[in-house]
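Compute the structure for the input listed below.
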Amino acid sequence: MGLRVVPGPEPVRGARRLALALEIYLAYARVRWLLRDDDARAALARIRRVRRISSPRDEATDTLIAFRLAWAVMRALEPLPADSRCLFRSLTLTWLLERRAIDSQLILSVRPRPFAAHAWVTRGQADLLPPATDGFERLAEL
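Purely as a prediction, here's the structure:
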């Protein structure tokens, strides 16, 4: 009973990398527009209704794609001069996952003292973006 190797998608290179970066920036712009009224639930509901562009795959491939997209979102949004807080990153990643028909959950947590809030995305038991640290309590799983 050895380790099972599951073939995954090829790493993104060249023109595909540029296309992915463009998709991330467009999704980020849409998320910022959806959050103009500071209503994260309404924004998430709209994101969950995006047109899906992918056909079904197996769970292992979906998880691998989800981790690669999370890494790409973090790398792409990190240098932006605009606000790229955890909620914007999380909703941007959720948008990309929805487009690819990959299930995920948005987690919201708070720390009472000193007050702070944090958002991240999970797939099953795996954290795709950095989770909250000690002292935070989960507020919602959406």
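
Please give the element, helix or strand, for the most centrally placed residue in the chain.
For the chain, the residue nearest the mean C-alpha position is residue 93 (2.3 Å; Cα atoms, centre = their mean). Secondary-structure assignment from DSSP states H and E places residue 93 in helix 86-99.

Who are the packing partners of the helix or strand just after that helix?
Using DSSP H and E, the helix or strand that directly follows helix 86-99 along the chain is strand 105-111. In terms of contacts (3 or more Cβ pairs under 8 Å, 6 or more residues apart in numbering; DSSP states H and E), strand 105-111 is packed against helix 86-99, strand 116-123, strand 137-141. (C-beta placed from N, C-alpha, C; glycine too.)

Quick check: buried residues in the top helix by length along the chain?
For the chain, the helix reaching the highest residue count under DSSP state H is reported as helix 14-34. Of all the residues in helix 14-34, those buried under the rule 16 or more other Cβ atoms under 10 Å are 20, 23-24, 27-28, 30-32, 34.

quick one: which of these is nearest to residue 59?
Minimum distance to residue 59 across the buried residues of helix 14-34 is 21.9 Å, recorded for residue 20 (Cβ to Cβ).

Isn't the closest one up against residue 75?
No: checked against Cβ atoms under 8 Å, the pair residue 20 and residue 75 is beyond contact range at 10.3 Å.

just to revisit the earlier point, ok, and what's touching the helix holding residue 93?
With Cβ atoms under 8 Å, 6 or more residues apart in numbering as the test, helix 86-99 has contacts from 23-24, 27-28, 30-32, 34-35, 40, 43-44, 47-48, 50-54, 66, 69-70, 73-74, 77, 103-104, 106, 118-121, 123, 128-130.

Put the buried members of these into a PyMOL selection.
With 16+ other Cβ under 10 Å as the burial test, the buried ones among the contacts of helix 86-99 are selected in PyMOL as follows:
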select buried, resi 23+24+27+28+30+31+32+34+35+40+43+44+47+66+69+70+73+74+77+104+106+118+119+120+121+123+128+129
